[in-house]
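Trainee: below: sequence and its predicted model.
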Amino acid sequence: MPMAVGGFRLNPISYLAFLAWSLALVALLPDDRAGLLLAAVLGVGALSGGRGLRILTRGRFWVTVASIVALSALLLGERDLQWGFLRLSREGFLIGVWMSLRAVALMLAFAISLGVLSITEMVRLFDAVNLRGLGFALGVALNLGPVLRDAVEAAYHTIRLRGGFRRPLQATRLFLVTVIANALRYGDDVVKSASARAFDLEAKTDVAIAVNRADVVFLCALAAAGAAILILA
Amino acid sequence: MIEIESLSVSYNSHAALSDISLRVGPGEFVLVSGPSGCGKSTLALALAGLIPQAVPAQLSGRVVVDGLDTQGAPVHALARKVGIVFQNPATQLFNVTVEEEVGFAPRNIGLSAAEVRERVDEALEAVGILHLRGRKLRALSGGEQQRVAIASVLSLRPGVLVLDEPTAHLDWRGVEQLLAALQRLRREHGVTVILIEHRLAAVASVATRVVLMDRGRIVADGAPGAILSDRSLLAMLGLRYPWCDVGRRVDPVGPAPRPHGDEPLVSLRGVSAGYGKHRVLDGLDMALYPGQFVALVGENGAGKSTVARVLADIMQAERGKVEWHPSLRKLPVGRRVGLLFQNPLNQLVCDYVEEEVAYGPANYGVDADLASLFAAADLTELRRSRTQNLSAGQQQRTALAAALALRPRLLILDEPTMGQDWAHLSRLMDYLTQLNDNGQAILLITHDDRLVCRYARRIVRMAAGRIVADGAVPATAPVVSPVEIAHMHR
């Protein structure tokens, strides 16, 4: 369920602005304010129906986050802590925590925005700024995920079943080449299919960027929150 | 409606179509068939203007659809006259919901939101899936996805619909739904249908005309009754005679034979498995014995491919056990199981056919008789061909030869019929039967009941993640009902 403010459904422009806002803050924020950014992103996620927050329930997501912290504690800074037989760095641990906070905020921002935007909306949005191919390519890339996942899985297990990983370098090369070639082929099939449904990159469209009262309120709130996190906090 | 005059198409000097001429009137239902690589798909691409505009190829002659020349008119303009549906729905559906997908084309021609809604409703109604309007595409069955693919081109209201092997991924129920939708489009909306198919038995009774192709040329064109009753012509083209085909469902009779003893090769005991929260196998019990030729059948989504994945150690059972014969437990999984996936393209990892087949034996240090494998799979001439340049049927045979080269104790074939003509398929299956006679255990996953009857000795039917029938394949199988034959001769 897309987010609604004051009874209005937000338009794609708001979600793209939110994504850009998150990217900018991840790059600009000092470490000790990454938590504020994460709180703001969580708030937007909750308001937009919570669909984008589902990645928080995935084990792999938390393994990634824990790996960032653990590797930082092991590899960065002076090792001044003894934990069992491991020698860890307090400074590295803190760097890892800040890095993972930023990473979590960014991943959530992507999941929230892209979980709501459809290909059609993206195409229309980019049409409005004369970037027709970009919206289509982005949308297709996101929605072809399951097809590509199947392709990756089949290539990996084919090599595994044929004993390919006994020669890991060759197997890695074959795997990458197969996956890339198939991804290109799938992309080509999609473009063919879209062309056969009257999609034309060269077509001129009269699409205007849709903005309603909810978008204005949301964009103002984003700007205010950004300024507050960056300057006032 | 369609006029093709002296059409020739070639890819890098390889001729795919040679001097084809054809006229199709409004409201005809034309079944186009022929052996793998005979030029059927090229014809479909040329009809939609994708050749030469989107697919690089050299074209001569003329194709006119509803007054538009496919070489002169841009593809997006032709899309309003001719809609094309490809074999694999996965690469045609790239939106999130059914409504977005079907509305994609009308939006591209600049219709207003109200008009788009009207077109979406009309197209969904035409293929009988209006109730799926708000559903997510990835949650639909193969048959439903294929009907969405058709609706997504119908929303432009084309007068001609071209479908390239749309039943390849469908079970009988999916095929019936699809054919009912196509008949309805023809009768109620006057749409001209060009259907490219290998599964003649499935579609012969609904076609009004049959065109057979071979080596880029049309070799027969006429009423289905006349063309599809010509056994010698069908045999020459390697096509199945459709009128003595088996019924839609083969049920087991009595216990299945165990040619090499009562000790199982592998047993699944109370196996449950699935994807995330979606459980596909639910407490499955099944044992496969050495030397058995087992057909695993059931509708789309019954869990057949998941059984294959569990046996090949691609998926772990959440509950239950997979127990191999003690003598095989120490063998690497690739020597125990050879698996042919549904989509051959994803399992071709080498540049050339020869490298592909020799890859497994080289890794495991196995001596393999590659020459006889190439001969059995009809790949001898193609040994030095690039795998990516092969037709779907040739790719499938290459992947199978690569799996067989390791002499696995259990060979699993997941829908090997995709893109194969009957001549190649039966030749390959005859070779597998030879291997089976010498003790090779085979698990064949298929929707093709004729294949089951002709080759398998045991049939296991699945439904909703469980086995619902298991036993010997009947010696005499039911045939297609005489009503269908009479309908066709009418």
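Mentor: Nice, thanks for sending it over. Numbering: from 1, shown residues only, chains lettered A, B, ... in the order given.
Trainee: switch to C-alpha atoms for all contacts and neighbour counts from now on
Mentor: OK.
Trainee: quick check on residue 218: phi, psi?
Mentor: Going with chain A. phi -60, psi -40 (degrees, to the nearest 10).
Trainee: looking at chain B here, not the other one
Mentor: According to degrees, to the nearest 10, B:I218 has phi -80, psi 120.
Trainee: the residue nearest the centre of chain A sits in which helix or strand?
Mentor: Nearest to the geometric centre of chain A sits A:F110, at 3.4 Å (Cα atoms, centre = their mean). Taking DSSP states H and E as the definition, one finds A:F110 inside helix A:90-116.
Trainee: show me where chain A dips below the pLDDT cut-off.
Mentor: A:1-8, A:118-120, A:123, A:132, A:139, A:142-143, A:203-209, A:232-233 (pLDDT under 70).
Trainee: got a list of what the residue of the stretch 51-200 of chain B found nearest chain A touches?
Mentor: Using Cα to the nearest Cα, the closest approach of the stretch 51-200 of chain B to chain A is made by B:H76 at 3.6 Å. B:H76 sits next to A:195-200 when contact means Cα atoms under 8 Å, 6 or more residues apart in numbering or on different chains.
Trainee: thinking again about what came up before, next SSE downstream of the helix holding A:F110?
Mentor: helix A:119-128.
Trainee: for that following helix, C-alpha coordinates in CSV please.
Mentor: C-alpha atoms of helix A:119-128 as CSV (Å, rounded to 0.1, in the frame of the first residue of the first chain):
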residue,chain,number,x,y,z
ILE,A,119,7.7,0.2,-14.3
THR,A,120,4.8,2.2,-15.7
GLU,A,121,5.3,4.9,-13.1
MET,A,122,9.0,5.0,-13.6
VAL,A,123,8.7,5.2,-17.4
ARG,A,124,6.2,8.1,-17.0
LEU,A,125,8.4,9.9,-14.6
PHE,A,126,11.5,9.7,-16.7
ASP,A,127,9.4,10.5,-19.8
ALA,A,128,8.6,13.7,-18.2
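Trainee: which other helices and strands contact that helix?
Mentor: helix A:12-28, helix A:132-143 (3 or more Cα pairs under 8 Å, 6 or more residues apart in numbering or on different chains; DSSP states H and E).
Trainee: got the buried residues for the longest one?
Mentor: Residues of helix A:12-28 classed as buried under the neighbour-count rule (16 or more other Cα atoms under 10 Å in any protein chain shown) are A:12-19, A:21-23, A:25-26.
Trainee: ok so, going back, Three-state assignment for the residue of the stretch 51-200 of chain B closest to chain A, please.
Mentor: Classification of B:H76 using DSSP: H, G, I helix; E, B strand; the rest coil returns helix.
Trainee: near chain A, which residues of the stretch 151-300 of chain B are found?
Mentor: B:152-153, B:156 (Cα under 8 Å from any Cα of the partner chain).
Trainee: count of neighbours near residue 212?
Mentor: Using chain A here. Here the number of neighbours of A:N212 (other Cα atoms under 10 Å in any protein chain shown) works out to 15.
Trainee: try chain B instead
Mentor: For B:L212, using other Cα under 10 Å, the count is 24.
Trainee: which strands or helices does the helix or strand hosting B:L425 pack on?
Mentor: Under the criterion of DSSP H and E, B:L425 resides in helix B:422-437. If contacts are counted by 3+ Cα pairs under 8 Å, 6+ apart, helix B:422-437 sits against helix B:370-376.
Trainee: now do the helix it packs on, average pLDDT.
Mentor: Across helix B:370-376, pLDDT averages out at 88.
Trainee: give the buried residues for it.
Mentor: For helix B:370-376, by 16+ other Cα under 10 Å, it's B:370, B:373-374, B:376.
Trainee: need the contact partners of that helix.
Mentor: With Cα under 8 Å, 6+ apart as the criterion, helix B:370-376 contacts B:357-358, B:380, B:383, B:401, B:404-405, B:427-428, B:431.
Trainee: which SSE is immediately downstream of that helix?
Mentor: Helix B:370-376 is succeeded, C-terminally, by helix B:392-404 (DSSP H and E).
Trainee: and that next one, what does it pack against?
Mentor: On a contact count with 3+ Cα pairs under 8 Å, 6+ apart, helix B:392-404 meets strand B:337-340, helix B:353-364, helix B:370-376.
Trainee: just put the ones you listed in TSV and tack on distance to B:L331.
Mentor: What follows is the helices and strands packed on helix B:392-404, written out as TSV (distance: least, Cα to Cα, whole Å):
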stretch	distance to B:L331
strand B:337-340	10
helix B:353-364	11
helix B:370-376	22
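Trainee: give the contact list for B:D69.
Mentor: By Cα under 8 Å, 6+ apart, the neighbours of B:D69 are B:62-63.
Trainee: report the angle between the helix or strand harbouring A:I159 and helix B:392-404.
Mentor: According to DSSP H and E, A:I159 maps onto helix A:145-161. Helix A:145-161 and helix B:392-404 are oriented at 40 degrees to each other (axes from the mean of the first three to the mean of the last three Cα atoms, to 10 degrees).
Trainee: list the buried residues for helix A:145-161?
Mentor: A:148, A:151-152, A:154-161.
Trainee: so which of those is the closest to chain B?
Mentor: A:L161 (4.0 Å).
Trainee: from B:L17, how far out is that closest one?
Mentor: 39 Å (Cα to Cα, to the nearest Å).
Trainee: about what we covered before: so can I have a markdown table of the residues of the stretch 151-300 of chain B next to chain A showing neighbour count?
Mentor: Formatted as a markdown table, these follow (neighbours: other Cα atoms under 10 Å in any protein chain shown):
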| residue | neighbour count |
| --- | --- |
| B:S152 | 30 |
| B:V153 | 30 |
| B:L156 | 27 |
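Trainee: quick one: strands adjacent to the host helix or strand of B:D282?
Mentor: Following DSSP H and E, one finds B:D282 within strand B:278-288. Sheet pairing for strand B:278-288, assigned by DSSP bridges, gives strand B:266-275 (antiparallel).
Trainee: tell me how far the partner strand is from the chain's mean position?
Mentor: 27 Å (Cα atoms, centre = their mean, to the nearest Å).
Trainee: again, but for stretch B:430-443
Mentor: 23 Å.
Trainee: how about the helices in the stretch 1-150 of chain B?
Mentor: Secondary structure of the stretch 1-150 of chain B, counting by DSSP state H, counting those that start in this stretch: helices at B:40-47, B:50-53, B:75-78, B:98-108, B:113-126, B:142-154.
Trainee: these: which one's closest to B:A204?
Mentor: In terms of Cα to Cα, the element of these nearest to B:A204 is helix B:40-47, at 16.8 Å.
Trainee: give the rounded mean pLDDT of that closest one.
Mentor: 91.
Trainee: what's the answer for stretch B:394-411, then?
Mentor: pLDDT averaged over stretch B:394-411 gives 90.
Trainee: who touches it?
Mentor: Contacts of stretch B:394-411 (Cα under 8 Å, 6+ apart): A:162, B:334-340, B:343-345, B:347-348, B:353, B:356-361, B:366, B:368-370, B:373-374, B:377-379, B:387-388, B:416, B:418, B:440-443.
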